[in-house]
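[1] coordinates only, sequence not included:
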């Protein structure tokens, strides 16, 4: 249970499973999940049974919980309850993200067009904690195509682009109108990233990006000077 609590703390005190419980009308999910004993487990199962979800979604929540045993019992439950593959795949992806295990597999699963695109912000936050976060963030956004509307989400994606290609990141921030606040915000993030990158390779050991805890393999492509001069933020 300490693993779950630790992961919750890393994710701003809210797991994907917490969000799912709340969406089903279960208040203060952190009081019942993770359960501390058999009595606590029964309270959690009763809360799921009494939630606003239909029977299929309730089964998916139980399937998610069974995955913590890591002994295959969730597969037997899935077969017995006839949970459709796409629902089980979504539960698998959420479990991988909540647990921090096989995050790359979660990203691969979420690329399935049959799966919903909810909770992009929390998914990006979970991905950002993984060692190869920049590449996984790029993969997630390009394959799952979630709607990115929150500034923090756009920050993460922009810096993930910059780690592979500064030109791509620069082009991305230019897709927003000059009148929108997000464009100068992203430009500022890129400038700060470049300064931190320069400091890192100058020997100060400043981490060049908040996405990856280790020195990134960065390919910075030169932006044509003529294009920069035409950018009002330059």
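    In hand now; what should we look at? Predicted model, so just to flag it, every value in this text is computed and none were measured.

[2] residues near residue 138, how many?
    A count of nearby residues for residue 138, using other CB atoms under 10 Å, gives 18. From N, CA and C alone the C-beta is placed, and that goes for glycine too.

[3] ranges for the helices of this structure?
    2-10, 16-23, 38-49, 55-66, 73-81, 85-99, 103-110, 120-127, 133-144, 151-164, 166-173, 182-199, 225-230 (DSSP state H).

[4] Adding mean pLDDT and distance to residue 30 as columns, could you present those in CSV?
    Converted to CSV, these look like this (pLDDT from 0 to 100; distance: least, CB to CB, whole Å):
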stretch, mean pLDDT, distance to residue 30
helix 2-10, 95, 7
helix 16-23, 98, 6
helix 38-49, 97, 11
helix 55-66, 98, 15
helix 73-81, 97, 23
helix 85-99, 98, 13
helix 103-110, 98, 22
helix 120-127, 98, 15
helix 133-144, 97, 25
helix 151-164, 96, 22
helix 166-173, 95, 36
helix 182-199, 91, 31
helix 225-230, 48, 48
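
[5] Make CSV out of those helices and add distance to residue 32.
    Shown next, in CSV, are the helices of the chain (distance: least, CB to CB, whole Å):
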stretch, distance to residue 32
helix 2-10, 12
helix 16-23, 8
helix 38-49, 5
helix 55-66, 11
helix 73-81, 20
helix 85-99, 15
helix 103-110, 24
helix 120-127, 19
helix 133-144, 30
helix 151-164, 28
helix 166-173, 41
helix 182-199, 38
helix 225-230, 54
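
[6] mind checking which of the ones you listed is nearest residue 29?
    The closest of those to residue 29 is helix 16-23. By CB to CB, the value is 3.8 Å.

[7] This completes my enquiry, with thanks.
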